[in-house]
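Undergrad: generate a structure from the sequence data that follows.
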Amino acid sequence: MVVVQLVLMLLLILVAAEVFTNALEHLGERLKISEGVTGSLFAAVGTAMPETMVPLLAIFAGTANTHLNEEIGVGAILGAPLMLSTLSLFLMAASVLKKRGLQGHFNPERSGFTRDLNFFLGAFTLSGVALFVPHDTPLLRGLLALAMVLTYFVYIMLTLRASAALVKDGHGTEAHEKMLLARLGLPENMLLILVQLALGLILLVAGAKGFINGIEESSKLFGISALLLSLMIIPIATELPEKVNSILWIRRHKDTLAFGNITGAMVFQGTLLPAIGIMLTPWAPQKEVLAGIVITLLATLWLRLMLSRGQLRVWHLGLNGVLYVTYLAIALA
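TA: The predicted structure is shown next:
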């Protein structure tokens, strides 16, 4: 029954994410904003909702077991950037390996991609530093959390500011599918877009809540800690929307949307959620947690290095996949 519950909740999350992101694309097109904004902000935040809801609901409205809630929260918070920077990028590259070849190039809009990586590296480094800040110094931990929240708001402002110029350069957002609710014969307008956004969000909350309860039962059934289970299983399951969207976009040569969907989610999940974790969970340097942060930063630094060299190739993202396997070996040892 536990496996059935997890599968059903996963399906609900996937359906909800499709409903949500479909509406976001149409919102971006209607507002005449760039692919960078749609990918790094709208699509990234939208498809990050499943991973976001799991730790938030675990911490604020999880089970009666506080320790379990905290482990699920920490695992889901740190597991998401880990998966995005390693396995998600690897799978995206693998999906175009046959078409582009190992030496094939990726061509995302450079300025936005660089901005995403720089902001993530800065914020996520702070979350690693916070692991070693004693709990009896709440002021210092609070300042670190505040700095991460402010980092994301500065990131939003800079991303939005760059939008107009990018649209003029031909990087405007175009929805590739008709709105889901409009297929029922309803008029396609801003109200319908907002209704579909709200519907997707409600379904995401319901799916995430059910997934938390399933993780608790799975932890007991398999004798695995909720922390390790959350670091490994929740991100794989809940990040499927990002993977699927990015794979579809990269295969259509929409590299900016594909990468922005992943790196924008990394910034979102590397700033706001760790800030909550620092303030409301133990946030201590356990082996699985510390290894996850180090591997995530290494994977992102590698991507940033290749970008700075001016050429990002398909084979480069193979190392991101190797780093994910390395993390599994460390965590399961």
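Undergrad: flag the shaky bits of this protein, pLDDT-wise.
TA: Within the chain, the stretches with pLDDT under 70 are 34-36, 38-39, 46-51, 58-70, 164-176, 208, 212, 215-216, 218-242.
Undergrad: which one's the longest helix in it?
TA: helix 190-222 (DSSP state H).
Undergrad: and the helices in the stretch 51-200 of the chain, which stretches?
TA: Applying DSSP state H, counting those that start in this stretch to the stretch 51-200 of the chain gives helices spanning 66-83, 89-95, 97-100, 110-130, 138-161, 163-168, 190-222.
Undergrad: buried ones in the shortest one?
TA: Read that as helix 97-100. Residues of helix 97-100 classed as buried: Arg100 (neighbour count, 16 or more other CB atoms under 10 Å). In short, each C-beta sits where N, CA and C put it, glycine included.
Undergrad: please apply the same query to stretch 7-23.
TA: Here stretch 7-23 shows 9-10, 12-23 as buried, counting by 16+ other CB under 10 Å.
Undergrad: distance to Trp249 and secondary structure added to these, as a markdown table?
TA: Compiled in a markdown table, those are given as follows (distance: CB to CB, whole Å; DSSP: H, G, I helix; E, B strand; the rest coil):
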| residue | distance to Trp249 | secondary structure |
| --- | --- | --- |
| Met9 | 26 | helix |
| Leu10 | 22 | helix |
| Leu12 | 24 | helix |
| Ile13 | 20 | helix |
| Leu14 | 17 | helix |
| Val15 | 19 | helix |
| Ala16 | 19 | helix |
| Ala17 | 15 | helix |
| Glu18 | 14 | helix |
| Val19 | 18 | helix |
| Phe20 | 16 | helix |
| Thr21 | 11 | helix |
| Asn22 | 13 | helix |
| Ala23 | 17 | helix |
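Undergrad: from those, which is closest to Leu84?
TA: The shortest gap between Leu84 and any of the buried residues of stretch 7-23 belongs to Ala17, at 14.5 Å (CB to CB).
Undergrad: one step back: can I get the helices of the stretch 51-200 of the chain in JSON lines including distance to Gly28?
TA: Putting the helices of the stretch 51-200 of the chain into JSON lines (distance: least, CB to CB, whole Å) gives the following:
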{"stretch": "helix 66-83", "distance to Gly28": "23"}
{"stretch": "helix 89-95", "distance to Gly28": "20"}
{"stretch": "helix 97-100", "distance to Gly28": "26"}
{"stretch": "helix 110-130", "distance to Gly28": "14"}
{"stretch": "helix 138-161", "distance to Gly28": "12"}
{"stretch": "helix 163-168", "distance to Gly28": "10"}
{"stretch": "helix 190-222", "distance to Gly28": "10"}
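Undergrad: now, of the ones you listed, which is deepest in the fold?
TA: Between the helices of the stretch 51-200 of the chain, the one whose residues have the most neighbours on average, counting mean count of other CB atoms under 10 Å, is helix 66-83 (a mean of 26).
Undergrad: who does whichever strand or helix holds Leu305 touch, helix- and strand-wise?
TA: Secondary-structure assignment from DSSP states H and E places Leu305 in helix 287-308. When contacts are defined as 3 or more CB pairs under 8 Å, 6 or more residues apart in numbering; DSSP states H and E, helix 287-308 packs onto helix 66-83, helix 110-130, helix 226-238, strand 312-313, helix 318-332.
Undergrad: tell me what the shortest one is packed against?
TA: For strand 312-313, the helices and strands in contact under the criterion 3+ CB pairs under 8 Å, 6+ apart are strand 105-106, helix 287-308.
Undergrad: can you tell which of these is closest to Lys254?
TA: When the helices and strands packed on strand 312-313 are compared for distance to Lys254 using CB to CB, the nearest one is strand 105-106, at 11.2 Å.
Undergrad: show me the contact partners of the closest one.
TA: For strand 105-106, contacts defined as CB atoms under 8 Å, 6 or more residues apart in numbering pick out Ala93, Ile250, Asp255, Phe259, Gln311, Leu312, Arg313, Val314.
Undergrad: same check, this time on stretch 197-205
TA: In this structure, residues lying in contact with stretch 197-205 by CB under 8 Å, 6+ apart are 12-13, 15-21, 23-24, 27, 46, 49-50, 53, 57, 181.
Undergrad: let me know the closest of the buried residues of stretch 7-23 to Gly277.
TA: Sorting these by how near they are to Gly277, with CB to CB, puts Ile13 at the top with 21.0 Å.
Undergrad: just want the angle from the helix or strand hosting Leu273 to helix 287-308.
TA: When elements are assigned from DSSP H and E, Leu273 belongs to helix 255-280. In this structure, helix 255-280 runs at an angle of 150 degrees to helix 287-308, with axes from the mean of the first three to the mean of the last three CA atoms, to 10 degrees as the basis.
Undergrad: show me what contacts Gly128?
TA: Applying CB under 8 Å, 6+ apart to Gly128 gives the contacts Leu290, Ile293, Val294, Leu297.
Undergrad: distance of the nearest residue to Leu312 once chain neighbours are set aside from Pro282?
TA: The spatial neighbour of Leu312 that comes closest, neighbours along the chain excluded (CB to CB, 6 or more residues apart in numbering), is Phe106 at 4.5 Å. When distance is defined by CB to CB, to the nearest Å, Phe106 is 39 Å away from Pro282.
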